[in-house]
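A.B. asks: Provided below for reference: sequence and predicted model.
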Amino acid sequence: MHKQFFYLLLLLCSAPLFSQTYNLKGKITDTEDFALESATVYLTAVKDSAVIDYTITDKNGNWELKTRKNDDAVFLKISYVGLANYKQKLEAINADRDFGTIKLQDRSTELNEVIIEGEVPPIRIKSDTLEFNASSFKVRPDANVESLLKQLPGVDIDADGKITVNGKEVNQILVNGKPFFDKDGKIAIQNLPAELINKVQVTDTKTKKEELAGDKASGNNASINLTIDEDKNKGFFGRVMGGYGSDERYESSAMVNYFNGKRKISLLASSNNINSTGFSMNEIFDSMGGGRNMSVWTNGNGSFGINGMRFGGGDGITQSNIVGLNYSDEWVENLESNFSYFYTSSDTENENRTRRRTFLPAQAGDAPELERSLLTESTSTTNDEKYAHNISSEFEFEVDSTSNIYFTPKFTKANSKVSRRETQFTWNQDDTLLNESSGYGYNENDNSSFSSDFNYYKSFKKKGRAISLDFENENRLDESQNLNNSTTLFYEDIDDDGVVDVTEDTRNQTIYNRQTSDRYEARLEYTEPISDSLRVKAGVIYTWQKEMENRQGFDFNEVTGRYSSPVDELTNYLTSNTNTVIPMAGFNIRKSKMNINLMAGTLISKFDNFSSYLGEDYKLVKNYTLPYANGYMSYSFTKTRSFWGSYNYETNFPQARQILPVLDVSNQLYTYIGNPDLSPNKSHSVYLSFRDFDFATRTGYNFYAGGNIYDSRITQVSEINNSGKWTTTYRNVSGTYSGWAGFSWNKSIKREAHSFRLNLGMSTGFDFEKGFTNGQMYEGRSYRLSPRASLTYDYGELLSINPSYNLTYNQTNYDNFTVDSQSNVVHRVNLQTTSYWPKHVVFGNDFGYTYNSNLSNGFRKDFFLWNTSLGYNFYNDRLLFKVKVYDVLNQNIGTSRTISASSITDEQNIVLKRYVMFSLTFKLDKFGGKKKEGGSTFFIF
């Protein structure tokens, strides 16, 4: 039976590859025989105008379509921005054909037999914008925007949820040019129905200044703008979902949207205890994570984030709640606004088990086979409660045709409470116990922050002449209370007879800490055109930043029953004030295919630090004059093939605790002290990329590489005594570096009802680090290699199969340790299947296997994770009932290994185990004042 199923599946997948195809080709020019690059050539059916196939012309105007045999009449259509469209009827496609040169006429030409107006091609390249016509790409009636994006050529969404277009990472998704809750677009692509979308426009992500000035983008990211059909930009749509299951697991969410032209109001809410935000909008698994939903919101450890806020407690099992509101409108003429509010709360419980081996340098007289190290094992239980209010807004005002103001204020109020019970033991390489500790800790932190960005841009009569002013601020206040109630025993062998001296450190104390951080930056820049392609720039950046920390420690007073006895060793006051001025000048060369931008100057900074500790004041002032430089270059070989490169010289100042000689003895096992001789981090950063996508063959590839070389880098210097207690300070080292490189390749094939999408990729990274332990310098060279492959097969709208494989290999080579190297391999195999047959029934399975090669004894190395779901649509497809099972085999585990330049850490946290969930979703929509017949097409999760 299994063999028969395999052969049937193989037959289904391979049959379309042997279907008969014919080659259509030609050349497109204008009336003056100028070759037209990126003209859209496509075939549509005469009977229903459905798009059959498409391509775009190359830089010589040539095009080629390899399409299947078709006995029905079709139209050959050609579209190019600024010229009239072309249409030719073909009675059938049953032979190869060369159409020769086809000349596109001006729009004023009256040739009705070959000119069609108002029709939108499936793909259009306009200047630096790649535009997809959403209706040309078929998705299920209830699909969301993410499903639409996956159908677009050159667009890829990987297992981590990262979206790339022709290899360029997308970092901004807008709806009609405005954020939908947040610019990262996660809520938009998961919650908006695909049928709402008219066009998907892809451009390079620009800063507001670049956008207003019409400059080329200085970054290497892409932006997606989703435009909404006019007839659907006025209406109401949404959905409500609730589910309950075994082990008291539950999920619930609601989202309603009201659109009326430029006015858009959206409200969302969610509550669940299955480590989810509740807005994955996946019709198969709702909010259930661990499989295909992992790419939407959650990280590998179960944490997740919205609107730039990470919450959910990270490791463990989380109960979370969210309420959000988004409002966008044009209140008065020329003033566009966008407002969003989020309330998030979470309660996370976790049990952790950690084993860390720290390598130590060899000592004189050691036997060659001796591997000096420390082994630390700990167990802990934690409870993490947090909430946050987040308000963000965006205002853009057009003062007149030559000047604009852009203002984006953001306010956050947050609180977190973490309680922790922990036991820890440390041994040396001879299994001699060095220390042990146990205790209870409680940390509460209250945070308030405000940030904003104000941008003013003014252009002048002379084209290219402009002035811009940008002002940013970040203000943050943290007030915390840290309770430490613990007992630590230190063991030290003091004579040859093995007599052990035991030192006990018992603490019951609280530290109250008030921290403020204020940063203001103003940037003024003037641009003067020298020629059409050359502009010179001059400007100045001024930055003022102040950090303050006021820490007060108290022992528990048995008489008062409160923490009221001052502890001088835990009490200190620190400030760090940085004043920086950067005068700079540069130029911009802007050609049709090439864009070069370079700015250079001098960083002049006063670094002023102060501390008060144990009755002594210490002041440290340093003045720096350092180089400042950044630049980038882009070159377009064709409309789809391009190169991009950038260079930056970066300077980062140390923190106050790293540079001031104040002892931090708040942790009984680890003591820290700053180094007044410390210098800033100084590094060179380089990034290169090359990408191409061939629309004719639906094949794309991308190569990238980057790295940092440090002239000066802050590293730790640690002394570990015979009882395993650490004392750490800091110093600068040079000659360290880090780097990364990789490639990706994808190809799409569509034959009748069969479609295939193959993705291959490889990423690699390397780091060279230095540090000091017990007076000796160590070096660690780390390497990472991660190949991946995935295949997506769709049979019409009935079946989807998606196998994938990923391998991650990590190795670190050590110098000056008695251990030469350590390595680890993680294999991940996944298979996702979805069936939409019979009608109204949705059946999905996510099956994965993970193997972690070198975990320590006592940590399980592999596990299977199988999630399954069965759903049924009824009541005109407005209701969907589902039964889902998470972790069918009850094998899920949360283990990991981390290899650093001086240690190996194995860790295990509790994870969600098997549960059954029953859910019901109601969906509705009402566009243009009329409810759609036959129920809603809004995608359900």
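C.D. replies: Sure, I can see it.

A.B. asks: shouldn't residue 211 be within a strand?
C.D. replies: No - secondary structure assignment (DSSP: H, G, I helix; E, B strand; the rest coil) places residue 211 in helix, not in a strand.

A.B. asks: check which residues of the helix or strand encompassing residue 103 are buried.
C.D. replies: Using DSSP states H and E, the element containing residue 103 is strand 97-104. The neighbour-count criterion (16 or more other CB atoms under 10 Å) identifies 99, 102-104 as the buried residues of strand 97-104. The C-beta positions use only the backbone N, C-alpha and C, and glycine is treated the same way.

A.B. asks: show me the strands in the stretch 501-650 of the chain, by range?
C.D. replies: All strands of the stretch 501-650 of the chain, identified by DSSP state E, counting those that start in this stretch, fall at 534-557, 562-590, 594-613, 616-636, 642-652.

A.B. asks: out of these, which gets nearest to residue 660?
C.D. replies: Closest to residue 660 of those, according to CB to CB: strand 594-613, at 4.3 Å.

A.B. asks: parallel or antiparallel, list what pairs with that closest one.
C.D. replies: Taking DSSP bridges as the criterion, strand 594-613 pairs within the sheet with strand 562-590 (antiparallel), strand 616-636 (antiparallel).

A.B. asks: tabulate those strands (TSV), appending mean pLDDT and mean neighbour count.
C.D. replies: Listed next are the strands paired with strand 594-613 as TSV, based on pLDDT from 0 to 100; neighbours: other CB atoms under 10 Å:
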stretch	mean pLDDT	mean neighbour count
strand 562-590	96	17
strand 616-636	96	15
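
A.B. asks: of those strands, which is nearest residue 664?
C.D. replies: With respect to residue 664, and counting by CB to CB, the nearest of the strands paired with strand 594-613 is strand 562-590 at 8.2 Å.

A.B. asks: who touches stretch 257-271?
C.D. replies: With contact meaning CB atoms under 8 Å, 6 or more residues apart in numbering, stretch 257-271 is reached by 175-176, 178, 180-181, 187, 191-192, 228, 232-238, 250-256, 277-279, 287, 319-330, 336.

A.B. asks: ends of that stretch, what's the gap?
C.D. replies: The first residue of stretch 257-271 is 19 Å away from its last residue (CA to CA, to the nearest Å).

A.B. asks: chain center to it, what's the gap?
C.D. replies: Averaging C-alpha positions (CA atoms, centre = their mean, to the nearest Å) puts stretch 257-271 24 Å from its chain's average.

A.B. asks: what mean pLDDT does that stretch have?
C.D. replies: Mean pLDDT, computed over stretch 257-271, is 89.

A.B. asks: what comes up buried for that stretch?
C.D. replies: Within stretch 257-271, the residues that count as buried by 16+ other CB under 10 Å are 257-259, 264-271.

A.B. asks: hmm, back to that, JSON lines for the strands of the stretch 501-650 of the chain, including distance to residue 691?
C.D. replies: As requested, the strands of the stretch 501-650 of the chain are arranged in JSON lines below (distance: least, CB to CB, whole Å):
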{"stretch": "strand 534-557", "distance to residue 691": "27"}
{"stretch": "strand 562-590", "distance to residue 691": "21"}
{"stretch": "strand 594-613", "distance to residue 691": "16"}
{"stretch": "strand 616-636", "distance to residue 691": "11"}
{"stretch": "strand 642-652", "distance to residue 691": "6"}
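
A.B. asks: which of the ones you listed sits closest to residue 424?
C.D. replies: Ranking these by their distance to residue 424 (criterion: CB to CB) puts strand 562-590 first, at 20.9 Å.

A.B. asks: sorry, back to before: same list (the strands paired with strand 594-613) but as a markdown table, adding distance to residue 762.
C.D. replies: Conversion of the strands paired with strand 594-613 to a markdown table gives the following (distance: least, CB to CB, whole Å):
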| stretch | distance to residue 762 |
| --- | --- |
| strand 562-590 | 34 |
| strand 616-636 | 24 |
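
A.B. asks: ok, which of the ones you listed comes nearest residue 897?
C.D. replies: Each of the strands paired with strand 594-613 was scored for nearness to residue 897 using CB to CB, and the closest is strand 562-590 (35.1 Å).

A.B. asks: what inclination does the closest one have with respect to strand 534-557?
C.D. replies: Here strand 562-590 runs at 170 degrees with respect to strand 534-557, directions being taken by axes from the mean of the first three to the mean of the last three CA atoms, to 10 degrees.

A.B. asks: can you offset everything so residue one is 31?
C.D. replies: All set: I'll call the first residue 31, so the last point we hit is now strand 592-620.

A.B. asks: ok and strand 592-620 relative to strand 672-682, angle-wise?
C.D. replies: Note on geometry: by the same axes, to 10 degrees, strand 592-620 and strand 672-682 are set 140 degrees apart in direction.

A.B. asks: for the residue nearest in space to the middle of the chain, grab phi and psi.
C.D. replies: Ranked by distance to the mean C-alpha position of the chain (CA atoms, centre = their mean), the top residue is residue 192 at 6.1 Å. The phi/psi pair for residue 192 (degrees, to the nearest 10) reads phi -80, psi 130.

A.B. asks: can you list the buried residues of strand 127-134 in JSON lines and add pLDDT?
C.D. replies: Formatted as JSON lines, these follow (pLDDT from 0 to 100):
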{"residue": "129", "pLDDT": "93"}
{"residue": "132", "pLDDT": "94"}
{"residue": "133", "pLDDT": "92"}
{"residue": "134", "pLDDT": "92"}
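
A.B. asks: between those residues, which sits nearest residue 885?
C.D. replies: Out of those, the member with the shortest distance to residue 885 (by CB to CB) is residue 129, at 62.2 Å.

A.B. asks: so where is the stretch 781-930 of the chain shaky, pLDDT-wise?
C.D. replies: Applying pLDDT under 70 to the stretch 781-930 of the chain picks out no residues at all.

A.B. asks: ranges for the strands of it?
C.D. replies: For the stretch 781-930 of the chain, applying DSSP E, counting those that start in this stretch gives strands covering 784-803, 806-825, 829-845, 851-865, 871-882, 892-904, 909-916, 925-929.

A.B. asks: partner strands of the first one, parallel or antiparallel?
C.D. replies: Spelled out, that is strand 784-803. When pairs are called by DSSP bridges, strand 784-803 turns out to pair with strand 729-750 (parallel), strand 767-781 (antiparallel), strand 806-825 (antiparallel).

A.B. asks: quick one: the last one to strand 829-845, angle?
C.D. replies: Computed by the same axes, to 10 degrees, the angle separating strand 806-825 from strand 829-845 equals 170 degrees.

A.B. asks: send the alpha carbons of strand 806-825 over as PDB?
C.D. replies: In PDB, the C-alpha atoms belonging to strand 806-825 read as follows (Å, rounded to 0.1, in the frame of the first residue of the first chain):
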ATOM      1  CA  GLN A 806      46.700  34.200  29.800                       C
ATOM      2  CA  MET A 807      45.200  35.200  26.500                       C
ATOM      3  CA  TYR A 808      43.000  32.700  24.700                       C
ATOM      4  CA  GLU A 809      41.800  32.800  21.100                       C
ATOM      5  CA  GLY A 810      38.700  31.200  19.600                       C
ATOM      6  CA  ARG A 811      38.000  30.800  15.900                       C
ATOM      7  CA  SER A 812      34.400  29.900  15.300                       C
ATOM      8  CA  TYR A 813      32.900  28.600  12.000                       C
ATOM      9  CA  ARG A 814      29.300  28.000  11.100                       C
ATOM     10  CA  LEU A 815      28.000  26.300   7.900                       C
ATOM     11  CA  SER A 816      24.200  25.900   7.200                       C
ATOM     12  CA  PRO A 817      22.900  24.500   3.900                       C
ATOM     13  CA  ARG A 818      19.200  24.200   3.400                       C
ATOM     14  CA  ALA A 819      16.800  22.900   0.700                       C
ATOM     15  CA  SER A 820      13.000  22.900   0.300                       C
ATOM     16  CA  LEU A 821      10.500  21.900  -2.300                       C
ATOM     17  CA  THR A 822       6.900  23.100  -2.500                       C
ATOM     18  CA  TYR A 823       4.500  21.100  -4.700                       C
ATOM     19  CA  ASP A 824       0.900  22.300  -5.300                       C
ATOM     20  CA  TYR A 825      -1.700  20.400  -7.200                       C
END
